[in-house]
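# The following block contains a protein sequence and its predicted model.
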Amino acid sequence: MYNQTEIIKDTTDLGPDGELVINMGPQHPATHGVLHLVVTLNGETIKKIEPHLGYIHRSIEKMCERLSYRQFIYVTSRMDYLSSHINNTACALLIEKGMQIEVPERAKVVRTILNELTRIASHELWIGAMAMDLGAFTPFFYAFREREMITDIMEDTCGARLTMNYIVPGGLMYDIHPNFQTKVKAFVKQFKEKVTEYEDLVTGNIIFQSRTKGVGVLTAEDAISYGCSGPVARASGVSCDMRKIAPYDAYDRVEFDEVIETAGDSFARYIVRVKEMNQSIRIIEQLIDNIPEGEFVGKTKNVLKLNKGEFYQRVETARGEFGVFIVSEGGTTPYRIKFRSPGFSNLSVLNHIAKGSKIGDLMATMGTLDLVIPDIDR
Amino acid sequence: MFLKDYISDVYNGVASLLKGMRKTGYYFTHSKEIITEQYPDNRATLKLADRFKGEVVMPHDDNNEHTCTGCTACELACPNGTIKIITKFDVTPEGKKKKAIDAFIYRLEMCTLCNLCITACPSDAIKMVPNFEHSVFDRSKLTKVLNKPGSKIKEGIE
């Protein structure tokens, strides 16, 4: 048993080299969830960061092994809840690939539009939350104003705001809402007008720039060796966009640029995300007037059974490469399922890039990695 | 040279801050463009999307009739075991036995609102409604029996 004086003595004991160990999280406003970082400090300089996971582990992979191929898709919305559409798409694509289900063109185009809307919504939320981590409260509301338009579109068409579960093997659960096209066009128009406000408020802001430029620099070699993907790797100059490398749905017929920055610091990661939103708008503009008529779901059997074998499908979520791996024994449920989530690899690089910097910079570094904890800790 | 850089840094910094403040000032003076909704006060005008998935209900017509045959397709489609159907056998006027539902038990606290039961239903007996104020004082109140007392199946639904 410790008495009070001993506890105080313990915390002030700095160890052999004057080290101080502090716990950041699991209840910390900037860790966006229940991430627990054990930070070893020397004065204000970070010596080591150790992420502790397990606070929100729901054993989703094991749960999915109990559920049929139609049922397990909804669970994946609960992993990376900010790109739930894209996760659902990955699972649906895998089943379609494994069972050779024909997907109607209409479903493909609508899926692509919804995926891009999800990406914009995710990046909008990230910009707001990131600016708030660095002490700017206003951009949060500006970002949420545009995000609200997207959630309205989702609410009308999919029936939910965050965990949509709109995508089924073979296409879509039901047809798009009649006002889908007009609402998306209104959103595109408003977004183009208002995106300059973020530039004024955040990008050009001297405080934001000096807090992010040169902070948390990740080189291209390290990004590859740590398995980073998405905007984190692209800000370091690694080309890793799954939409370009392995096009799925309607991505092979649209024109867009893969945004690549070379600086590798926190500011570059911010710029990549802002530019990516503009590219998403470009994709939506090309597709929104050309939604083909026809069926919204292909013909599927009542009970889905994957052939015996191993299947893998990867997509590009707002955070990076998301992969689904299924081992099937030929039954109605997967024998083994594994998700490759982008957040886990992106978190693993945190110790490497934040080591040696000051504790104040940890917020900027961690914020720009865009961590969603339920995605890391499934 | 050092002084020149220093002054230009200060000038650019202040200019960038003022640029951002101008945006804030614009919305301060143009309060009509703010879209905040005052939720509990706007209940009368609040309209949710008609597809909004809030709760599963079983629609009944004026004769207190539903279209659920008790085929348990929704029970099998549900990933969480939210739905439990207890069936019974009704005796028709011709003396034949006919399967019918005794109780359609729906556990809202376990429901993830994934819509799989609605798409599985062959006779459109259940649907989602945009209710979202689900808070109750006791958890047991979230376990609901969807078929109304005394209700029976509509004529002609097999």
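Done, it's in.
# Please count neighbours and contacts with C-alpha atoms only from this point.
OK.
# longest single helix anywhere in chain B?
Taking DSSP state H as the criterion, chain B has its longest helix at helix B:2-29.
# Partner strands of the helix or strand following it and their direction?
Per DSSP states H and E, the first helix or strand lying C-terminal to helix B:2-29 is strand B:55-57. Strand pairing for strand B:55-57, determined by DSSP bridges: strand B:127-129 (antiparallel).
# buried sites along the partner strand?
Judged by neighbour count (16 or more other Cα atoms under 10 Å in any protein chain shown), strand B:127-129 contains these buried residues: B:Lys127, B:Met128, B:Val129.
# Alongside chain B, which residues does chain A contribute?
Within chain A, the positions adjacent to chain B are A:67, A:71-72, A:74, A:145, A:155-160, A:164-165, A:173, A:197, A:200-202, A:204-207 by Cα under 8 Å from any Cα of the partner chain.
# Can you pull the residues of chain B lying near chain A?
So far as Cα under 8 Å from any Cα goes, chain B lies against chain A at B:12-13, B:16-17, B:19-21, B:23, B:35, B:49-53, B:77-79, B:114-116, B:119.
# list the buried ones in the longest helix of chain B?
By neighbour count on 16+ other Cα under 10 Å, the buried set for helix B:2-29 is B:Gly13, B:Ser16, B:Leu17, B:Leu18, B:Lys19, B:Gly20, B:Thr24.
# Which neighbouring elements make contact with that helix?
With contacts defined as 3 or more Cα pairs under 8 Å, 6 or more residues apart in numbering or on different chains; DSSP states H and E, the packing partners of helix B:2-29 are helix A:206-212.
# switch the cut-off to 10 Å
On a contact count with 3 or more Cα pairs under 10 Å, 6 or more residues apart in numbering or on different chains; DSSP states H and E, helix B:2-29 meets helix A:138-157, helix A:180-198, helix A:206-212.
# Name the stretch among those helices that sits most buried.
Mean neighbour count, computed with mean count of other Cα atoms under 10 Å in any protein chain shown, is highest for helix A:138-157 among the helices and strands packed on helix B:2-29, reaching a mean of 20.
# any idea of the mean pLDDT for that one?
Averaging pLDDT along helix A:138-157 yields 85.
# what element comes up after that helix heading to the C-terminus?
Immediately after helix A:138-157, counting by DSSP H and E, sits strand A:167-168.
# Direction included, what does that following strand pair up with?
Applying DSSP bridges, one finds strand A:167-168 paired with strand A:171-172 (antiparallel).
# can you tell me the average pLDDT over the partner strand?
Rounded mean pLDDT across strand A:171-172 is 86.
# Equivalent analysis for stretch A:109-118, please.
In the prediction, stretch A:109-118 has an average pLDDT of 89.
# again, but for stretch B:5-12
The average of the pLDDT scores along stretch B:5-12 is 86.
# Stretch B:100-113 too?
Mean pLDDT, computed over stretch B:100-113, is 86.
# List the buried residues of it.
B:Ala100, B:Ile101, B:Asp102, B:Ala103, B:Phe104, B:Ile105, B:Tyr106, B:Arg107, B:Leu108, B:Cys111, B:Thr112, B:Leu113.
# ok, for whichever residue of chain B sits closest to chain A, nearest residue in space, not its chain neighbours?
Closest contact between chain B and chain A, by Cα to the nearest Cα, is at B:Phe52 (3.9 Å). In this structure, B:Phe52 finds its nearest non-sequential neighbour in A:Gly159, 3.9 Å apart by Cα to Cα, 6 or more residues apart in numbering or on different chains.
# Show me where chain A has its strands.
Under the criterion DSSP state E, chain A contains strands at A:19-24, A:36-42, A:45-52, A:167-168, A:171-172, A:309-316, A:321-328, A:336-340.
# what's the most buried one of the ones you listed?
strand A:171-172 (a mean of 27).
# next one: that one to chain centre, how far?
22 Å (Cα atoms, centre = their mean, to the nearest Å).
# contacting residues around it?
Outside strand A:171-172, the residues within contact range by Cα atoms under 10 Å, 6 or more residues apart in numbering or on different chains are A:89, A:92-93, A:96, A:101-108, A:110-111, A:158, A:165-166, A:295-300.
# let's go with 8 Å and repeat that
A:Val103, A:Pro104, A:Ala107, A:Lys108, A:Arg111, A:Tyr166, A:Phe296, A:Val297, A:Gly298 (Cα atoms under 8 Å, 6 or more residues apart in numbering or on different chains).
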